[in-house]
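K.L.:
give the three-dimensional model of this entry:
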Amino acid sequence: MAGKRHGRSSATARPGTKSKDDTKKTSAKKVNASSLSSKPSNSQNQETGGLSRRHQQVTLNIFKDTFSSILASDTLSTTLQTIKQALFERDFTRAFGDADSLAVYAARWSPTRALGYASIFHRIYEQDHLQGLILPALDDQSQTTSNVLKLLCIGGGAAEIVAFGSFLGHIHQLSGTITLLDSGPWGQVVSQLQTSLTSLPQLSKYAGQALQQSNKPMISPAERLQSRFIQQDVLALDKVGLTEVINSTTPILATLLFTLNELFTTSGILKTTTFLLNLTATLPLGSLLLVVDSPGSYSETSVGKYPMQWLLDKVLLNTEHEPVEGRAWVKLESHDSLWFRLPDQPQGLDYPIALENMRYQLHLYRLVDAASLEDT
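P.N.:
Have a look, this model is predicted:
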């Protein structure tokens, strides 16, 4: 896997880069599509996901507490410049080859992504897209039932687990299991962040009694969040391998967050298309696929330059006419350009490093029995 970051969300949108707006509208059936302005106002084209400033700050504190020594390090600036240069040169092994580099990356660039992803999860929850995915599960210890959402993050790491934890921390009646699949060694970072999500936040020794009494973990009890990390090149997995990774007979939410365009670009259309079709064949019916990427992303391949959204729709929506093992995708939402914006000062968020707003495209699909489309 040297030299490539198959399924790596962090490598897709390099820090400091910008993308042109892709304003092409989709003509797919059953689509709620919007092509939005590249200059949103405060009230238009803005994703907040209904998360309060306080909840966003608690989410940021997960990163502050987990990576406090990194954020206070005298060598942080130098290390960040080294990572940025490696990303610019697309030397992903140098940028993400060890856990220490990943921890620095996570401390700097994952917080905004985590806030943005959490807002997206909350948004699709509020729109009832997760109905059919949140199912009762029996707790073997207490013999009680709780509602559980299963999540598979392809190219997932620090931002994804904190985003999911933040979402669960906002929806208290919900538990979740998350599988993170990436070619980089994110296991240690993911474990550290899960510990922070399920432990009491760090308080100043000068904290008052009221603050100490109100202090609580974002996720409690800790069993509400179960995670596993798999270090694997997703494009090397066949259908059997994907089935083992998915490990579910009930519908799940699968995500490709700032990952798919990188797969198309670095590995080509054929390999990435094969992966998407294998995913179609192995996900449980009713599952959702959430794709988030830089707006206007173009995948540069050996045979040309194509909008990522066009390639994605060509593969997935063609299953209506050519089902994959009796399965097909329908598109629930498609947005060319959305924003997640941080709160304005002086009501802003506290973090040792300046954070940026996140602009993205979003596409959401549901996997259905192809026979159910014949009457529509």
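
K.L.:
so where's the stretch 251-376 of the chain uncertain?
P.N.:
Along the stretch 251-376 of the chain, segments meeting pLDDT under 70 span 298-304, 346, 375-376.

K.L.:
where along it do the helices fall?
P.N.:
Here the stretch 251-376 of the chain has its helices, by DSSP state H, counting those that start in this stretch, at 260-282, 308-316.

K.L.:
now the ones you listed in TSV, with mean neighbour count and distance to residue 153?
P.N.:
Where C-beta positions appear, they are placed from N, C-alpha and C, glycine not excepted. Below are those laid out as TSV (neighbours: other Cβ atoms under 10 Å; distance: least, Cβ to Cβ, whole Å):
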stretch	mean neighbour count	distance to residue 153
helix 260-282	21	13
helix 308-316	22	17
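
K.L.:
for the helix or strand where residue 136 lies, name the packing helices and strands.
P.N.:
Taking DSSP states H and E as the criterion, residue 136 maps to strand 135-138. Contacts defined by 3 or more Cβ pairs under 8 Å, 6 or more residues apart in numbering; DSSP states H and E place strand 135-138 against strand 145-154.

K.L.:
what helices and strands are in contact with the next helix-or-strand element following the strand it packs on?
P.N.:
Helices and strands here follow DSSP H and E; after strand 145-154, the next one along the chain is helix 158-170. Judged by 3+ Cβ pairs under 8 Å, 6+ apart, helix 158-170 is in contact with helix 53-66, helix 99-126, strand 145-154, strand 174-182, helix 187-197, strand 225-231, strand 253-257.

K.L.:
for helix 158-170, the averaged confidence score.
P.N.:
Here helix 158-170 scores 98 as its mean pLDDT.

K.L.:
next, the buried residues of the strand holding residue 136.
P.N.:
residue 137 (16 or more other Cβ atoms under 10 Å).

K.L.:
in its sheet, what does that strand sit against?
P.N.:
In the sheet, strand 135-138 lines up against strand 145-154 (antiparallel) (DSSP bridges).

K.L.:
only alpha carbons, please: show the strand it pairs with as PDB.
P.N.:
These are the backbone C-alpha positions of strand 145-154, laid out as PDB (Å, rounded to 0.1, in the frame of the first residue of the first chain):
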ATOM      1  CA  THR A 145     -33.200  -3.100  24.400                       C
ATOM      2  CA  SER A 146     -31.800   0.100  22.900                       C
ATOM      3  CA  ASN A 147     -31.900   1.600  19.500                       C
ATOM      4  CA  VAL A 148     -28.700   1.100  17.600                       C
ATOM      5  CA  LEU A 149     -27.300   2.700  14.400                       C
ATOM      6  CA  LYS A 150     -24.500   0.900  12.500                       C
ATOM      7  CA  LEU A 151     -22.000   3.000  10.600                       C
ATOM      8  CA  LEU A 152     -19.300   2.000   8.200                       C
ATOM      9  CA  CYS A 153     -16.800   4.800   7.300                       C
ATOM     10  CA  ILE A 154     -14.700   3.900   4.300                       C
END
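
K.L.:
quick one: that strand to chain centroid distance?
P.N.:
Centroid separation for strand 145-154 versus its chain: 14 Å, with Cα atoms, centre = their mean, to the nearest Å.

K.L.:
ok, now stretch 199-217?
P.N.:
With Cα atoms, centre = their mean, you get 30 Å for stretch 199-217.

K.L.:
and if you look at stretch 163-182?
P.N.:
Relative to its parent chain, stretch 163-182 has a centroid offset of 11 Å by Cα atoms, centre = their mean.

K.L.:
do the same with stretch 185-192
P.N.:
For stretch 185-192, the separation from the chain centroid amounts to 16 Å (computed by Cα atoms, centre = their mean).

K.L.:
so which bits of that stretch are buried?
P.N.:
Using 16+ other Cβ under 10 Å as the test for burial, stretch 185-192 gives 185, 186, 187, 189, 190, 192.

K.L.:
pick the most deeply packed of the helices and strands packed on helix 158-170.
P.N.:
With neighbours taken as mean count of other Cβ atoms under 10 Å, the helices and strands packed on helix 158-170 reach their highest mean count in strand 253-257, at a mean of 26.

K.L.:
what residues does that one touch?
P.N.:
Applying Cβ atoms under 8 Å, 6 or more residues apart in numbering, the contact partners of strand 253-257 are 9, 113, 117, 130, 133, 149-156, 159-160, 246, 263, 279, 283, 287-293.

K.L.:
adjacent strands (with direction) for it?
P.N.:
Strand pairing for strand 253-257, using DSSP bridges, gives strand 145-154 (parallel), strand 288-293 (parallel).

K.L.:
and the direction of the biggest strand by length in the chain versus that of helix 99-126, what angle?
P.N.:
Ranked by residue count and defined by DSSP state E, the top strand of the chain is strand 327-340. Going by axes from the mean of the first three to the mean of the last three Cα atoms, to 10 degrees, strand 327-340 is angled at 100 degrees with respect to helix 99-126.

K.L.:
list the helices and strands strand 327-340 packs on?
P.N.:
strand 33-34, helix 99-126, helix 260-282, helix 308-316, strand 358-369.

K.L.:
tabulate these (JSON lines), appending distance to residue 197.
P.N.:
Formatted as JSON lines, the helices and strands packed on strand 327-340 follow (distance: least, Cβ to Cβ, whole Å):
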{"stretch": "strand 33-34", "distance to residue 197": "33"}
{"stretch": "helix 99-126", "distance to residue 197": "11"}
{"stretch": "helix 260-282", "distance to residue 197": "26"}
{"stretch": "helix 308-316", "distance to residue 197": "31"}
{"stretch": "strand 358-369", "distance to residue 197": "21"}
